[in-house]
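# I would like the atomic coordinates for the input below:
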Amino acid sequence: MKLETIKFTIRQDGFVTEEVIGAESDQCLNLTESIEKKLGNVTTRNYKSEYYEPVENKQQVEEWSHDSEGC
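Numbers count the residues shown, from 1 in each chain. Down below sits the predicted model:
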């Protein structure tokens, strides 16, 4: 599992920028949605290259074996 980090930079004039590190595809939007609602209106959004990469379907597969001998 990747570590996802949100980096905030607050300028002297109060302007806040945020950078999401370690998120794939549109996961960055899910991570920042509640914070952005509390901070106010988003004026600009710049997407990093990771946003445009497809998310791999990672499924955990469990294998079971059953010995029917004696049933």
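# list the beta-bridge partners for the residue lying closest to Leu39 once chain neighbours are set aside.
Nearest non-adjacent residue to Leu39, counting by C-beta to C-beta, 6 or more residues apart in numbering: Val16, 5.9 Å away. The way it works is simple: take the backbone N, C-alpha and C, and place the C-beta from them, glycine included. Per DSSP bridges, the residues bridged to Val16 are Ile10.
# if I look at Val16, how far off is Leu3?
Separation of Val16 from Leu3 (C-beta to C-beta, to the nearest Å): 22 Å.
# before we move on, the earlier item: now the residue nearest to Leu39: how far from Val55?
27 Å.
# equivalent analysis for Tyr47, please.
Taking C-beta to C-beta, one finds Tyr47 at 14 Å from Val55.
# next: Ile6.
For Ile6, the distance to Val55 - C-beta to C-beta - is 19 Å.
# same deal with Leu31?
14 Å.
# and the two? Which one has more around it.
Neighbour count, other C-beta atoms under 10 Å: between Leu31 and Val55, Leu31 has more, with 17 against 9.
# quick one: secondary structure of that one?
Secondary structure, DSSP: H, G, I helix; E, B strand; the rest coil: Leu31 is helix.
# can you check Tyr51 too?
Tyr51 is classified as helix under three-state DSSP.
# and it, how many neighbours?
Tyr51, neighbours per other C-beta under 10 Å, totals 16.
# again, but for the one 3 residues further on
Here the neighbour count serves as a burial measure; for Pro54 (other C-beta under 10 Å) it reads 7.
# please renumber so the chain begins at 46
All set: I'll call the first residue 46, so the last point we hit is now Pro99.
# test my guess that it contacts Asp71.
No - applying C-beta atoms under 8 Å as the test, Pro99 and Asp71 come out as separate, 10.7 Å apart.
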